[in-house]
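Participant: I'd like to go over a predicted model; first the sequence, then the structure.
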Amino acid sequence: MEVIHKIGRRKTAVARVYVAQGTGKITVNKKDMAVYFPTATLQYKVNQPLAMTNNDGNFDITVNVYGGGITGQAEAIRLGLSRAMCELDPENRLTLKPEGLLTRDPRMVERKKFGQKKARKKFQFSKR
């Protein structure tokens, strides 16, 4: 099996995911996944596509991720991994699609407007 390369995005985070046959080692930006994502919630998000398709220890995964925060990066990796699992076996699509793991989340931070305090918040109006 050759290396499968997929891209996942979330907010401003971009993850390039490389999946190769192996023992189940996940490396994120040249660090072990447990070091890069210290919380169990983020580790669960990254492992979700593998667990749902029963591919937990079958592949070595290398990820380059940049931009955004730690949660956005974890969800970008999840999308990239989901796409890679679908390329490996089209049957995996039937398990991942109902869970929403193949949908790119379009929500982004709204820009701050001129003459306002934040994106929606206005400066306080005073009648004095």
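Facilitator: Good, I have the coordinates.

Participant: Can you show me the helices along the protein?
Facilitator: 33-36, 40-52, 70-88, 92-96 (DSSP state H).

Participant: which residues are contacting the longest one?
Facilitator: Contacts with helix 70-88, where a contact means C-beta atoms under 8 Å, 6 or more residues apart in numbering, come from 4, 6-17, 19, 28, 37, 42, 45-46, 48-50, 53, 55, 61, 63, 65, 67-68, 92-93, 96, 101-102, 104-105. C-beta: built from backbone N, CA, C; applies to glycine.

Participant: Show only the entries of the residues you listed found in strands.
Facilitator: Under the assignment DSSP state E, these contribute 4, 6-10, 13-17, 19, 28, 61, 63, 65 to strands.

Participant: Buried only: go through those for me.
Facilitator: 4, 6, 8-10, 13-17, 19, 28, 61, 63, 65 (16 or more other C-beta atoms under 10 Å).

Participant: quick one: contacts of stretch 117-128?
Facilitator: By C-beta under 8 Å, 6+ apart, stretch 117-128 touches 109, 110, 111, 112, 113, 115, 116.

Participant: Tabulate these (TSV), appending distance to residue 76.
Facilitator: Formatted as TSV, those follow (distance: C-beta to C-beta, whole Å):
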residue	distance to residue 76
109	15
110	20
111	21
112	24
113	27
115	34
116	30
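
Participant: Run a quick check on residue 33 versus residue 39, I expect a contact.
Facilitator: No: Residue 33 is not in contact with residue 39 according to C-beta atoms under 8 Å; the separation is 11.5 Å.

Participant: Between those two, which has more neighbouring residues?
Facilitator: Comparing residue 33 with residue 39 by other C-beta atoms under 10 Å, the one with more neighbours is residue 33, at 19 against 11.
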